[in-house]
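Novice: Mind folding the following:
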Amino acid sequence: MTQEARVVIHHAAKLGSPPASAAMAQLRPSDRAGSITLGTAVLLSAGGIALSLQPNALVWLLGQVVLAITLVQWFALLHECGHETLFRSKALNAPVGRVAAFFSLIPFYCWKRVHGRHHKWAGWQDLDPTTAALVPRSLGRGERLLLNFCWRCWIPLFAALYRVNNFWNWRRLRLLFPKRADRLRIAISISSLLVVYASLAVIVGPKTLLRVTVFASVLAFVIEDLLILSQHTHIPQNLSQGRRVPSFPAVQQEIFTRSLIFPGWLSAMLLHIDAHELHHMYPFVPGYRLREIPYDTQNEIGWRTWVWRARSLPGETLIFHNRLETGADI
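Specialist: Below is the predicted model:
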């Protein structure tokens, strides 16, 4: 049976059908809600940086934890601004998105173009630029050892490679987006962010910059490793294998993704980025309003349960196989 057929059968078998996109058009962005979220991120960032500059080791550690959580929040803000759904005023999304990109270590224009392509081709693993590298293949011994070691030891390899391969890889981005205008904007996005980072290192000094950012960034990457891997990994996907295929409509993409269930306060702080199925089905709905959609998705799982089950698998099995092959209930 084809994946397309499974989608149709799945939705026909559910007790309630997902609401039509037209019915969800009322869930629009709000400048007030966006401003509150942005203000929270700015205040927490300032607090985390201030604490991280203190000489006391325990105070520094507290600052790093606060800053790590805030960096994940900035990643959620980047995601929202890329969809232009953080604010109703379109003019606000791009500048805030660039600030979020700075904290997230991802060039904003690269994020926007690659993530847009991800939504278009979700369900086709080899066409989605964020999952193409995970198409099942024969791994070398060194690759397997590195992948399994990092996954077992909580080393956030995937969050790092996710950034480097998808948003900083100039050669790959040139192939994905051959239009001259795209290439120019990608080049500007990458080079300008590099200049900002270099200037910051000169202004505050490399030692201070490393003291404030390195440990917090690693902690943030550990969290994002779990968040990013939970969204599409180990779920059956299609392979186009070079054929011309249609993309799946957004409302049918539920079956290709997974949602984690976070504590309410954390989910709200991260703009409900854990409600990933609803986001793929209704990408025009701002994250802070996703939970207002009257629909229960099929792939929701508690975050503790997912982490425990995912960690019980070798890294290579989790990433390059799916639950139909392994029988793992995740």
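Novice: OK, contacts around the nearest residue to Y162 once chain neighbours are set aside?
Specialist: Nearest residue to Y162, sequence neighbours excluded (CB to CB, 6 or more residues apart in numbering): I228, at 5.9 Å. Glycine gets a C-beta too; all of them are placed from N, C-alpha and C. By CB atoms under 8 Å, 6 or more residues apart in numbering, I228 lies in contact with 158-159, 162.
Novice: ok, of those residues, which one's closest to D126?
Specialist: Y162 (17.0 Å; CB to CB).
Novice: Kindly confirm my reading that the closest one is in a helix.
Specialist: Yes: counting by DSSP: H, G, I helix; E, B strand; the rest coil, Y162 is found in a helix.
Novice: For it, which residues are in contact?
Specialist: With contact taken as CB under 8 Å, 6+ apart, Y162 is in contact with 130, 224, 228.
Novice: Could you pull up the residues touching N299?
Specialist: With the criterion set at CB under 8 Å, 6+ apart, N299 makes contact with 235, 254-255, 257-259, 277.
Novice: From the residues you listed, which land in strands?
Specialist: Per DSSP state E, strands hold the following members of the contacts of N299: S259.
Novice: how about the contacts of N299, which pair is most distant?
Specialist: Spatial extent of those (CB to CB) is set by the pair I255 and S259 at 12.2 Å.
Novice: Those two: who's more crowded?
Specialist: Each of I255 and S259 has its neighbours counted (other CB atoms under 10 Å); S259 has more, 25 against 21.
Novice: now that one: how far from M281?
Specialist: Distance from S259 to M281, counting by CB to CB, to the nearest Å: 11 Å.
Novice: Please enumerate the shared neighbours of those two.
Specialist: What both S259 and M281 touch, as defined by CB under 8 Å, 6+ apart, is the set T297.
Novice: can you give me the strands in this protein?
Specialist: Assigned by DSSP E, the strands in the chain fall at 259-261, 300-302.
Novice: Parallel or antiparallel, list what pairs with the last one.
Specialist: Translated: strand 300-302. Strands that pair with strand 300-302, judged by DSSP bridges, come out as strand 259-261 (parallel).
Novice: Go ahead and name everything in contact with the partner strand.
Specialist: Residues external to strand 259-261 that are found in contact with it (CB under 8 Å, 6+ apart): 227, 230, 267, 274-278, 297, 299-303, 306.
Novice: From the chain's centroid, how far away is it?
Specialist: Distance of strand 259-261 from the chain centroid (CA atoms, centre = their mean, to the nearest Å) equals 13 Å.
Novice: what's the distance between stretch 105-125 and the middle of its chain?
Specialist: Taking CA atoms, centre = their mean, one finds stretch 105-125 lying 10 Å from the centre of the chain it belongs to.
Novice: circling back: would you write a ChimeraX line that selects the buried entries of the contacts of strand 259-261?
Specialist: In ChimeraX syntax, the buried subset of the contacts of strand 259-261 is picked out as below (16 or more other CB atoms under 10 Å):
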select :227,230,267,274,275,276,277,278,297,299,300,301,303,306
